[in-house]
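# Mind looking at a prediction? Sequence and model below.
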Amino acid sequence: MEAETMKLLASALAIAIGAIGPGIGIGMIGAKAAEALGRNPEAANEIRTNMILAIAFAEAVAIYALVIALIIKFL
C-alpha cells in the first residue's frame, strides 16, 4: 500500500479504537447515575456534579485519541 493510504488507515484506527473506551465509559456512568438517582433522589445535585466530572474525564481520553489521529494524518 502507499504511504498516504497507510496514514489514513492508521488515523482512522486511532480514533475508532480511541473512542470505544470513552463511549462505553460514558454509557456506564450515565447508567450508574440514573440508578443512584433512583435509589436516593435527595442526592441529585451531588450525583449530577460527580457524573459531569466523570464524563469530562472520559471525554478527555477521546480528545487525546483525536489529537493522535490528526497528528498521524497530517505529519
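Perfect, thanks for sending it.
# Remind me which helix or strand the residue nearest the centre of the chain belongs to.
By Cα atoms, centre = their mean, the chain has its centre lying nearest to Pro22, at 2.7 Å. Here Pro22 sits within helix 3-39, counting by DSSP states H and E.
# list the buried ones in that helix?
Ser11, Ala14, Ile15, Gly18, Ala19, Pro22, Gly25, Ile26, Ile29, Ala33, Ala36 (16 or more other Cβ atoms under 10 Å). (C-beta placed from N, C-alpha, C; glycine too.)
# Make CSV out of the residues you listed and add pLDDT and distance to Tyr64.
Shown next, in CSV, are the buried residues of helix 3-39 (pLDDT from 0 to 100; distance: Cβ to Cβ, whole Å):
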residue, pLDDT, distance to Tyr64
Ser11, 95, 14
Ala14, 94, 10
Ile15, 94, 10
Gly18, 93, 7
Ala19, 93, 11
Pro22, 94, 10
Gly25, 95, 14
Ile26, 95, 15
Ile29, 96, 18
Ala33, 96, 24
Ala36, 96, 28
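# closest to Ala60 among those?
Nearest to Ala60 among these, counting by Cβ to Cβ, is Pro22 at 8.2 Å.
# circling back to that earlier point, double-check the residue nearest to the centre of the chain against Ala58; I have them as touching.
Yes - if you go by Cβ atoms under 8 Å, Pro22 and Ala58 touch, sitting 4.5 Å apart.
# before we move on, the earlier item: might you report the residue contacts of the residue nearest to the centre of the chain?
Neighbouring residues of Pro22 by Cβ atoms under 8 Å, 6 or more residues apart in numbering: Ala58, Glu59, Val61, Ala62.
# Any idea how many residues pack against the last one?
Okay, so that is Ala62. By other Cβ atoms under 10 Å, 18 other residues sit near Ala62.
# how close does the residue nearest to it when sequence neighbours are not counted sit to Ile63?
Nearest residue to Ala62, sequence neighbours excluded (Cβ to Cβ, 6 or more residues apart in numbering): Pro22, at 4.2 Å. According to Cβ to Cβ, to the nearest Å, Pro22 stands 9 Å off from Ile63.
# For Pro1, give me the pLDDT.
Pro isn't right for residue 1; it's Met. Met1 is assigned 76 on the pLDDT scale.
# Alright, I will stop here.
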